[in-house]
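Novice: here are the coordinates; sequence isn't available:
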Ligand SMILES: O=P(O)(O)OC[C@H]1O[C@](O)(CO)[C@@H](O)[C@@H]1O
């Protein structure tokens, strides 16, 4: 893929961050500078990286304009093309999806992530990811797996699917905004619940490949992996293609190292968690759990612009499961859709059956029933962005 598709006149406008007080504005204005400081505190970077972080902070500050990526960076030529309409403009005036993605790429450039030398390949978010994965909350979540076989089969399906869904609250970028007070209480009734349709879809077809497009590492990736194991062991899938990021992205997004850390964490636990960890390791070595790191996973565009290799991958799957908020924004397009727009309209271009498992952490939403929208609006709460609500949506 070299260029995004041209603007769609039949779609609503894309989200930009220039409305003061909007969610997108808050991310650019508050969350990104806070993240730079967190990264600086977490790792003892030397002077060169510190100066580069200072420069990035100046660039993203109020009134700062988007500057090109250094020519020596891998992918610089591609980014120059992608950025040609945006260089020299304010961060808040370009598509929000593009601006966020470019910010993460520039952060890695500042830290010398790709440059040969001692800092090459050092994940700036690893200290946060590691702390979460090693936490005691994960111990209890893994221990609960011992209870699952006691449940009736349909309840096992729902429990494991919803564990993967709610795992999406474990997002370190999001927690930068919610602060020490943590996340709000989750609202257990889903705003859209196509759970039954998802299992029906898998039941109606012979077991094939399921693509699981992962989101965050640690406490989200663990239940995703458990779900992958469940799909394989119950013959809902002959293989699972786990899409992860080729390099660190959106704070806690999962990379290959994060998958390996999760497998090690499970294998080192006791009881059923250890059994699942062992089975998943065998699934990786035996080719039933395949890791995929497409460069497009970190591209600043919606899935509608996906290159042929990913289109073919999704087209050949029985089902693609998109995890998380960012994947949702990329799936339907980061646009001001009326909330009652059918999910099938936003995903009409998608080359096969697709499901979204997402907690709501940004303004974009489709597929709400009119009465649900009325009820949510009547609460007066920030239901679109607070991470307290969730959905399962399916397009067959
Ligand atoms: O990890 P997720 O669920 O993709 O969420 C990413 C988060 O980052 C955002 O893109 C904003 O930075 C929100 O959409 C969301 O809160």
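Specialist: Ah, there it is. Fair warning: this is a prediction, and the values are worked out from it, not measured in the lab. Numbers count the residues shown, from 1 in each chain.

Novice: Residue 76: neighbour count?
Specialist: 16 (other CB atoms under 10 Å). Using the backbone N, CA and C atoms, a C-beta is placed for each residue, glycine as well.

Novice: Now do the closest residue to the ligand within the stretch 1-150 of the chain: how many residues are near it, please.
Specialist: Closest to the ligand within the stretch 1-150 of the chain is residue 27: 4.4 Å, counting by CB to the nearest ligand atom. Counted with other CB under 10 Å, residues neighbouring residue 27 total 22.

Novice: can you check the one 10 residues further on too?
Specialist: Applying other CB under 10 Å, we find 12 other residues in the vicinity of residue 37.

Novice: same question, residue 69
Specialist: Residue 69 has 21 nearby residues by other CB under 10 Å.

Novice: what ranges of the protein fall below the confidence cut-off?
Specialist: Within the chain, the stretches with pLDDT under 70 are 1-6, 174-183.

Novice: and it, which residues reach the ligand?
Specialist: Residues of the chain found near the ligand (CB under 6 Å from any ligand atom) are 27, 31, 100, 168, 171, 173-174, 215-216, 250, 324-326, 329, 361-362.

Novice: These in helices, which ones?
Specialist: 100, 173-174, 324-326, 329 (DSSP state H).

Novice: Distance to residue 256 and neighbour count added to those residues, as TSV?
Specialist: Shown next, in TSV, are these (distance: CB to CB, whole Å; neighbours: other CB atoms under 10 Å):
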residue	distance to residue 256	neighbour count
100	22	24
173	20	24
174	23	25
324	18	27
325	22	23
326	19	23
329	24	23
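
Novice: Could I get those residues in JSON lines, plus columns for distance to residue 186?
Specialist: What follows is those, written out as JSON lines (distance: CB to CB, whole Å):
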{"residue": "100", "distance to residue 186": "24"}
{"residue": "173", "distance to residue 186": "18"}
{"residue": "174", "distance to residue 186": "13"}
{"residue": "324", "distance to residue 186": "15"}
{"residue": "325", "distance to residue 186": "14"}
{"residue": "326", "distance to residue 186": "19"}
{"residue": "329", "distance to residue 186": "20"}
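
Novice: tell me the phi and psi of residue 361?
Specialist: With angles defined as degrees, to the nearest 10, residue 361 sits at phi -140, psi 20.

Novice: ugh, wrong one, I meant residue 255
Specialist: phi -120, psi 180.

Novice: What is the neighbour count of it?
Specialist: 24.

Novice: Surely it and residue 244 touch.
Specialist: Yes. If you go by CB atoms under 8 Å, residue 255 and residue 244 touch, sitting 5.8 Å apart.
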